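Enquirer: can you look at this prediction? I've put the sequence above it.
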Amino acid sequence: MKTGTEAKRGYGVFGTRRGDRAKIFFRKARSLLYVDRCVCVGCGAELPQSVRGGLCSECLSRSIALGSDICAKCGRIVANEADYCDTCINRDRHFEKARSCFVYDGVPKKLIYGLKFGGKRYLASFLAESMTDRYLDENYDCDCVIAVPLSEKRKKKRGYNQSELLAEEISGQLKLPLLTGALEKIRDNKAQAKLRVNEREENVRGAYEVKDKAAVKGKRILVVDDVITTGATASEVAHMLYKAKARSVKVLTYASTRYTAPSENIFDEEDVYEDEMV
């Protein structure tokens, strides 16, 4: 530990100059807000030029892009040639359809962790680019964008809603109005990640409310979130929007989990966080 004399000369108690410590702090803070668009957001490798989605060819090769082998309803990858997964066959899913860019694993999972739990807000613009491309590939035709809301308690704890960040970026890229405040989460339910399919449906029932019915009436709505797992949250959100006379509801996420039997857990231990998943 430094002496009182050294402290007076501008040293902290751990022997680092206060000015240097401030520079380190601001460099770390800046790294959470900004990123070089010629660097891969997945591995940090240099890119020859800026690319949509921010991923290098190596990271893309280690990510499973979702194409035709998906459930026609929820958009999750299926292991057989069926048009629908068992969950969507056996349970009501109120949205018209949901689509994602990648399977929730590897690099896409790492990026969502960074955005959702690591404070890396800048990732929203990169993820939203891939989501916008998916929107256009699917020929979605929506009038407005709504983010799946967090409860006030969880939003205050995290400091932001990652789905709102994605929705803001997507609405800007597609030139669609973003309906803020039209849908609210009115109940702070248990974390979805710890629950099975039937438990998830019960857990989100009544958790959302449309606060501005006039804004959604007759509209073709795009609901935006980061991940879709069983579709329970997305379905409940769509149900409430349809009750408010929305014309149609489609869902768009960056990633979706593989299909899991309703009796099985969705996540392994490292996936259980304080927050709910879709």
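Expert: Perfect, thanks for sending it. Remember, predicted model here, so these are calculated numbers, not experimental data. Residues are numbered from 1 along each chain as shown.
Enquirer: which residue ranges of the chain form strands?
Expert: Chain-ordered strands for the chain, with DSSP state E as the definition, fall at 97-103, 144-147, 183-185, 208-210, 220-228, 248-256.
Enquirer: other residues contacting the third one?
Expert: Counting by CB atoms under 8 Å, 6 or more residues apart in numbering, strand 183-185 makes contact with 146, 148-151, 207-211, 216, 237, 240-241, all of which sit outside it. Every residue, glycine included, has its C-beta placed from N, CA and C.
Enquirer: quick one: which of these is nearest to Phe95?
Expert: Out of those, the one with the shortest distance to Phe95 is Val237. That distance is 7.8 Å, counting by CB to CB.
Enquirer: chain neighbours aside, what residue packs nearest to Gly206?
Expert: Arg187 (6.4 Å; CB to CB, 6 or more residues apart in numbering).
Enquirer: just checking, that neighbour touches Ala207?
Expert: Yes: counting by CB atoms under 8 Å, Arg187 touches Ala207, with 4.5 Å between them.
Enquirer: beta partners of Glu184?
Expert: In this structure, Glu184 has the following beta-bridge partners (DSSP bridges): Glu209.
Enquirer: measure it to Glu152 for me?
Expert: In this view, Glu184 and Glu152 are 9 Å apart by CB to CB, to the nearest Å.
Enquirer: same thing with Ala65?
Expert: Counting by CB to CB, the separation of Ala65 from Glu152 is 36 Å.
Enquirer: do you know the pLDDT at the nearest residue to Ala72 once chain neighbours are set aside?
Expert: Spatially, and ignoring its direct neighbours in sequence, Ala72 is nearest to Asp83 (4.9 Å; CB to CB, 6+ apart). Here, the pLDDT recorded for Asp83 equals 93.
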